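Novice: Give me coordinates for this.
(one chain, ligands or ions: 1)
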Amino acid sequence: MVKIFFPICNGYFHLSFFFLSSFYLSSFSLIQITVTLSFVLLSQSSLCEFASKPNSASMVSTQFDRACSNAPPKVRVVAKIRGSLPPDANSEAAASKPAEWVSVNRESSESVSISFGDQSSSRYLVDYCYKEHEDNEMMYSKEVKPLISAAFEGQYSTVVALGARGSGKTWVIQGSAEKPGLAVLAIAEFLSVAEKNGKSIAVSFYEVDHHDHAIDLLNPGQPPILVLEDRGRIQFKGLTQVPVKSVAEFQNLYFTASSVQKGAPKKGSYEHVRRSHLGLVVHVFSRNRSVESLVSKMNFVDLAGYEDARKKNGEGSGLAEINKINKSIYALLNVCHALSANESRVPYRESKLTRMLQDSLRGNSRILLVSCMNPTFCQDTIYMVSLASRSCHWIHLATFDSAKKCGSSARQMVNSNKNQIPKSVSGTGKKLHGSKLLENKTAVAMQSAIKGRKLFDEAGHSAAKAKKEISIARVTQASEPLLDKSLSEAGNNIKLNSGVEKDNSFPDASRKVKLNLMDENDDSSLNTSSKVELNPLADKDDSSLNASREVELNPLAVQGISADREDHQGKDTLYANNYSEGLSIIVQEDYHNMNKENNNSSANVDGSPSISAQLRELSNSLKLLYSSTPSCMQIPEKEPVPLDIQMSAESMEPKTPTIKQNMSADNRWDIMNAKSPWEAFSMRGSGMKDSLVQEYLRFLNTADKEELKKLKGIGEKRATFILELRDESPEPFKSLDDLKEIGLSAKQIKGMMKKEVGELFS
Ligand SMILES: Nc1ncnc2c1ncn2[C@@H]1O[C@H](COP(=O)(O)OP(=O)(O)OP(=O)(O)O)[C@@H](O)[C@H]1O
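Specialist: Down below sits the predicted model:
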């Protein structure tokens with residue numbers, strides 16, 4: 001028996017599954033128990049589905065959201081359909097039929113939805129969409145000019161153009177000599193206001209390449225720019241600032257530097273595709289140029305074109321570059337999402353670009369994402385728009401659902417739920433943006449679910465990788481409140497079969513989801529193999545939860561997803577992509593439903609334990625099994641055995657195979673097989689070096705300020721900085737390379753290590 005409840009609230013499928021399960025409690029009797037599991041399925045696909053359904057309720061939501069928060073949104077997302085040159089000048093433009101491919105629908109006074117081709121059921125919510133005939137001037141006066149006035153009052157801001165290749169990003173940011181882009185138009189305004197107010201303007205121009213190196217384009221040939229942080233203030237080592245006094249001077253500088261960067265390639269030519277992000281920084285100074293007199297900064301970022309790596313045939317540097325560039329695009333969108341969700345941890349350190357922009361993104365700064373769209377069919381454009389939309393419109397999507405559920409009495413619902421829910425599941429006790437609404441239970445659950453996971457990453461666009469991305473640790477951790485008791489203690493074999501039955505209306509909120517705990521048709525019942533797999537989304541009934549030594553929660557059955565992807569390729573690829581985009585499962589205790597179920601179960605006539613007790617038992621067991629399973633075991637490869645030995649071995653006693661544990665940690669296996677004492681000695685030496693480095697990094701990640709200062713090369717300033725880094729990320733140093741973040745060169749790091757080791761023998 002399966003009951004499904006959704007949606008509950010806040011744009012996430014909050015599914016409560018009531019399972020009727022059977023398992024043997026003893027070899028003689030079959031007792032059926034009902035187990036309640038509450039899953040909060042937080043998935044990008046579900047977000048997208050809500051994005052695709054911005055009906056009248058979304059209007060309510062957007063208005064409601066804005067009404068709840070007087071402050072303008074931190075991240076604003078607008079779309080821009082690329083314009084075209086006259087047909088004879090640009091053949092692709094001639095073929096463009098935007099009206100046929102991109103549809104824009106007004107959803108409210110503050111949002112529009114975008115759909116592509118005949119996929120009118122998939123719509124992406126953005127704040128505004130500029131059509132192909134609406135030029136940069138229009139976008140500038142509506143979106144950018146207000147940010148410039150704010151810049152003179154100290155507000156930092158960042159304008160980012162993102163999109164597929166050839167979607168018009170450079171056109172939007174830089175423009176051409178005849179048709180200036182946003183950056184050029186902005187400089188004119190900056191100069192004019194600066195003159196009136198006695199302020200001065202300087203610019204910097206850099207690129208972040210696929211190696212994640214930031215290169216100064218106004219002073220090329222120098223080592224990569226270093227991003228340093230001193231008492232919360234970001235400083236750049238190696239980034240030139242050039243004062244500008246006129247637009248012509250700026251244009252000259254800007255266009256020259258960007259053409260040098262691009263090596264003046266023919267745009268659109270595959271071999272010469274630019275695979276780097278371009279960043280322009282406009283610094284506003286109150287007096288002369290100095291850190292102290294910096295009033296604010298405004299950034300213009302022309303991201304490298306997004307390209308689906310799977311489309312590139314073959315391997316090699318091109319593929320690796322695409323992957324790296326895509327990764328940094330996801331990193332930026334993750335940051336935007338974290339900021340718009342007001343999360344406590346913002347993953348600035350995941351890419352150089354986000355580090356470069358860090359001080360312009362945080363605090364009360366504003367971000368404008370311009371999602372550039374190709375006017376003709378382009379799958380990458382759809383993907384980019386969906387990501388941009390989700391990076392900030394998740395909150396609207398969230399309220400959409402609340403509004404739908406609660407009608408006009410949304411506020412009442414919030415209040416009525418208040419008492420039932422923990423204030424903060426995540427423990428950070430932090431508010432969400434504009435969020436009285438989000439005080440309700442599912443909002444907290446949603447916030448918690450968003451935390452600790454990346455929204456956008458490589459897996460987001462790859463079904464196969466999506467499976468890997470769902471880490472055992474994360475899901476297991478998230479399941480802890482529920483999975484509380486020992487299965488092995490209970491000594492029972494329990495099978496959980498779960499399946500998703502998808503129909504053609506998959507993207508609709510009404511898609512069918514079925515989870516079975518008991519499947520009588522499944523003849524693989526009571527499998528006592530050493531693997532536990534909980535697979536709540538599988539088309540086939542081949543997933544089971546078996547008592548085991550190894551626990552794996554796999555929310556995306558590869559089979560299911562691959563099939564889905566293939567089915568939808570072409571016509572419905574978008575759904576497949578959305579579906580595969582890192583669908584995450586966070587298992588959480590839903591107090592309400594749990595109580596309800598407990599009430600039912602407390603009436604067990606056969607005197608069997610209550611459902612919650614049994615559930616606790618079951619979950620504890622899983623936890624125990626998982627914790628007792630060594631996480632890193634490797635079985636050495638078998639040596640080929642000569643035939644004669646094989647034959648004689650048949651008569652020999654069976655032997656327990658040798659199992660090597662954590663080989664990489666101590667090289668024990670290699671050392672055992674070393675051919676000479678010297679080889680063994682060298683191996684041991686390098687093993688010791690590794691562990692010393694690890695110890696050193698662990699020290700940097702955990703020691704207090706006074707202890708840190710005991711290290712050679714770490715003074716008051718660096719120690720403070722290290723502690724600040726730890727506020728951002730609990731483990732900022734994962735390799736010696738990360739020490740560059742605190743301004744140490746590779747040579748200095750080596751020297752420091754040598755001194756530390758030398759000390760041991762002194
Ligand atoms: N509004 C417009 N009007 C006329 N032509 C345009 C417009 N926008 C873009 N184009 C043309 O479209 C082509 C691609 O534009 P652009 O170089 O800006 O794309 P891009 O997204 O920066 O590309 P890449 O990803 O390769 O960096 C260029 O030839 C550009 O001149």
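Novice: ok, L744 - contacts?
Specialist: With contacts defined as Cβ atoms under 8 Å, 6 or more residues apart in numbering, L744 is in contact with G713, M752. For every residue, glycine as well, the C-beta is placed using N, CA and C.
Novice: State the distance from it to K750.
Specialist: The gap separating L744 from K750 is 10 Å, by Cβ to Cβ, to the nearest Å.
Novice: Likewise for S762?
Specialist: Taking Cβ to Cβ, one finds S762 at 18 Å from K750.
Novice: same deal with M298?
Specialist: 39 Å.
Novice: Show me which residues of stretch 177-195 are buried.
Specialist: 180-191, 193-194 (16 or more other Cβ atoms under 10 Å).
Novice: hmm, which two among the residues you listed are most spread apart?
Specialist: G181 and A194 (19.9 Å; Cβ to Cβ).
Novice: before we move on, back to that, neighbour count winner among S762 and K750?
Specialist: More neighbours surround K750 than the other of S762 and K750, with 12 against 5 (other Cβ atoms under 10 Å).
Novice: Can you say which helix or strand has the more buried one in it?
Specialist: Using DSSP states H and E, K750 sits within helix 746-761.
Novice: quick one: average pLDDT of that helix?
Specialist: The average pLDDT for helix 746-761 rounds to 79.
Novice: which helices and strands sit right next to it?
Specialist: helix 677-702 (3 or more Cβ pairs under 8 Å, 6 or more residues apart in numbering; DSSP states H and E).
Novice: Show me what counts as buried in the helix it packs on.
Specialist: A680, M683, R684, G687, Y696, L697, L700, N701.
Novice: again with stretch 320-330
Specialist: Buried residues in stretch 320-330, defined by neighbour count with 16+ other Cβ under 10 Å: E321, I322, K324, I325, N326, K327, S328, I329, Y330.
Novice: And for stretch 720-730?
Specialist: Buried residues in stretch 720-730 (16+ other Cβ under 10 Å): T720, F721, I722, L725, S729.
Novice: Go through that stretch and list whatever outside residues touch any part of it.
Specialist: Against stretch 720-730 from outside (Cβ under 8 Å, 6+ apart): 228-232, 345-349, 700-701, 705, 708, 714, 732-733, 741-742.
Novice: By neighbour count, sort out the buried ones in those.
Specialist: 228-229, 346-349, 700-701, 708, 714, 732-733, 741-742.
Novice: Looking at pLDDT only, which of those residues scores worst?
Specialist: E741 (73).
Novice: Can I take it that it is in a strand?
Specialist: No. Under the criterion used here (DSSP: H, G, I helix; E, B strand; the rest coil), E741 is helix, not part of a strand.
Novice: Please give the element, helix or strand, for the residue of the stretch 1-150 of the chain found nearest the ligand.
Specialist: At 2.5 Å from the ligand, G83 is the closest residue in the stretch 1-150 of the chain, using Cβ to the nearest ligand atom. Assigned by DSSP H and E, G83 belongs to no helix or strand.
Novice: Check the gap between it and S389 for me.
Specialist: 21 Å.
Novice: where does V112 land in three-state SS?
Specialist: V112 - assigned by three-state DSSP - is strand.
Novice: Specify the beta-bridge partners of it.
Specialist: R106, V126 (DSSP bridges).
Novice: neighbours around it, how many?
Specialist: 19.
Novice: And G751, by the same measure?
Specialist: Neighbours around G751, by other Cβ under 10 Å: 14.
Novice: Give me the nearest residue to it, chain neighbours excluded.
Specialist: G713 (7.6 Å; Cβ to Cβ, 6 or more residues apart in numbering).
Novice: in what helix or strand does the one you found lie?
Specialist: Counting by DSSP H and E, G713 is part of no helix or strand.
Novice: List the contacts of it.
Specialist: Counted by Cβ under 8 Å, 6+ apart, G713 has contacts L744, Q748, G751, M752, K755.
Novice: is it true that V126 touches S389?
Specialist: Yes. Taking Cβ atoms under 8 Å as the definition, V126 is a contact partner of S389 at 5.6 Å.
Novice: any common contacting residues for these two?
Specialist: V77, I114, S371.
Novice: Adding pLDDT and distance to the ligand, write these out as JSON lines.
Specialist: Formatted as JSON lines, those follow (pLDDT from 0 to 100; distance: Cβ to the nearest ligand atom, whole Å):
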{"residue": "V77", "pLDDT": "94", "distance to the ligand": "17"}
{"residue": "I114", "pLDDT": "89", "distance to the ligand": "17"}
{"residue": "S371", "pLDDT": "95", "distance to the ligand": "11"}
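Novice: between those, which is closest to K169?
Specialist: The closest of those, once distances to K169 are taken by Cβ to Cβ, is S371, at 9.6 Å.
Novice: Quick one, grab the pLDDT at the residue lying closest to the closest one once chain neighbours are set aside.
Specialist: Leaving aside its chain neighbours, S371 sits nearest to A388 (4.0 Å; criterion: Cβ to Cβ, 6+ apart). Looking at A388, its pLDDT reads 91.
Novice: Now A388: phi and psi?
Specialist: phi -60, psi -40 (degrees, to the nearest 10).
Novice: Now do the contacts for it.
Specialist: With Cβ under 8 Å, 6+ apart, A388 has these contacts: V77, A79, V126, L162, L333, L369, S371.
Novice: farthest-separated two in those?
Specialist: A79 and L333 (14.6 Å).
Novice: which residues are in contact with stretch 130-149?
Specialist: With Cβ under 8 Å, 6+ apart as the criterion, stretch 130-149 contacts 76, 78-84, 96, 98, 104, 128, 155, 157, 159, 171-172, 175, 179-182, 185-186, 189-190, 193, 298, 366, 368, 370, 375.
Novice: Low-confidence stretches in the stretch 301-450 of the chain?
Specialist: 312-317, 393-450 (pLDDT under 70).
Novice: Which parts of the protein belong to which domain?
Specialist: What automatic domain parsing lists as the domains of the chain is 13-42+454-628, 135-229+237-248+272-374, 671-761.
Novice: Which of the ones you listed has the lowest mean pLDDT?
Specialist: domain 13-42+454-628 (a mean of 36).
Novice: what about T158, which SS state?
Specialist: Classified using three-state DSSP, T158 is strand.
Novice: ok, M139 - how many residues close by?
Specialist: 22.
Novice: residues making contact with the helix holding K750?
Specialist: For helix 746-761, using Cβ under 8 Å, 6+ apart, the contacting residues are L692, V693, Y696, L711, K712, G713, L736, D737, L739, K740, L744.
Novice: Relative to I749, how far out is the third one?
Specialist: When you say that, I think you mean Y696. 10 Å.
Novice: Common neighbours of the two, please.
Specialist: L736.
Novice: Quick check: the gap between D302 and the ligand.
Specialist: Per Cβ to the nearest ligand atom, to the nearest Å, D302 is found 6 Å from the ligand.
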